[in-house]
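**Student:** Structure for this input, please:
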Amino acid sequence: MILLTVGKVALVTSIAIPFLYLLHSRLAGRWLVIEAYPLLLYMSGAFLVMAIMEASLGYMHTEALGWRLWEYRILPNHHGYGTDLGPITWPWYGFHLYLLDQVLRARSLHARGPVVRGGMTGLDGPLLEILGNGLFLLIFGQYVFYYFPGDLGHLTSVLVIPHYALAGMVLYFIVRGLRDAPKSWSLPPALYFTGVCFVVVG
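**Tutor:** Numbers count the residues shown, from 1 in each chain. Sure, this is the predicted structure:
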């Protein structure tokens, strides 16, 4: 059952990731060059930060407002605010951020402030949720995660924008620190392993 689910996610990813690369290359006006080390930093760092922020912000939202914003329907953990698929799905958000940084530099629009980058994450996060969750629903007839407000077909919600914005600001500082740190090939696997530990304890 778990292998079947992972296979389904891999299929959706195989569709979405090339689309993201082509989209970002189009926005940059050139084919983007992928370098292994910074890409691995972005992917492992995004996984660790976003897995923790997702579960934490989901729980705090429920405690503060008295109602859930979302729940995972596939392999849920941390009371349904996260998923065991995180080690597969969240690194690809880092892939998007890595490409986005190249687009911004190519267009001389490199946003360095945490508020600006947080705002961008607040907007692109829900859009990517629509892409990933929508593809999974279209192909397999099942939500990966389900948003209780129905404003965007339960695929995501405008109400999650502040959550993504806050997580994006935290991620901005983490990624900047990782990018400026001395190069060490042991760092990406260490970040990824820490993220896996967080997922497993959920």
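
**Student:** what's near enough to touch the residue nearest to the spatial centre of the chain?
**Tutor:** Central residue of the chain (CA atoms, centre = their mean): Y93, 3.7 Å from the mean position. By CB atoms under 8 Å, 6 or more residues apart in numbering, the contact list for Y93 reads 46-47, 50, 125, 128. C-beta here means a position set from N, CA and C on the backbone, and glycine is covered the same way.

**Student:** Next one: L4 relative to W90, how far apart?
**Tutor:** From L4 across to W90, the span is 21 Å (CB to CB, to the nearest Å).

**Student:** quick one: which of these two has more around it?
**Tutor:** The residue with more neighbours, out of L4 and W90, is W90; 25 against 8, by other CB atoms under 10 Å.

**Student:** so after the helix or strand of the chain with the lowest mean pLDDT, what's the next helix or strand?
**Tutor:** One helix or strand of the chain scores below all others by mean pLDDT, DSSP states H and E: helix 2-28, with a mean of 83. Per DSSP states H and E, the first helix or strand lying C-terminal to helix 2-28 is helix 36-65.

**Student:** Not counting its own residues, what contacts the following helix or strand past that next one?
**Tutor:** Following helix 36-65 in sequence order, the next helix or strand is strand 70-72 (DSSP H and E). Here strand 70-72 makes contact (CB under 8 Å, 6+ apart) with 58, 80-83, 144-148, 157, 160.

**Student:** Among these, which ones are in helices?
**Tutor:** Among the contacts of strand 70-72, DSSP state H puts G58 in helices.

**Student:** Please identify which of the contacts of strand 70-72 is nearest to L41.
**Tutor:** Of all the contacts of strand 70-72, G82 has the smallest distance to L41: 21.9 Å, by CB to CB.

**Student:** Where does pLDDT dip in the chain?
**Tutor:** Low-confidence segments of the chain, defined by pLDDT under 70: 1, 109-112.

**Student:** Tell me, how many residues neighbour the residue nearest to F173 when sequence neighbours are not counted?
**Tutor:** Spatial nearest neighbour of F173, excluding adjacent residues (CB to CB, 6 or more residues apart in numbering): P114 at 6.4 Å. Residues contacting P114 under the criterion other CB under 10 Å number 16.

**Student:** same question, the one 10 residues further on
**Tutor:** Counted with other CB under 10 Å, the neighbours of D124 add up to 16.

**Student:** just G202 next, same as before
**Tutor:** The tally of other residues near G202 (other CB under 10 Å) stands at 17.

**Student:** May I have the beta-bridge partners of the closest residue to it other than its chain neighbours?
**Tutor:** Once flanking residues are discounted, G202 sits nearest to N77: 3.2 Å by CB to CB, 6+ apart. In this entry, N77 is beta-bridged to G82, by DSSP bridges.

**Student:** Name all residues that make contact with N77.
**Tutor:** Neighbour list for N77: 55, 83-84, 86, 199, 202 [criterion: CB under 8 Å, 6+ apart].
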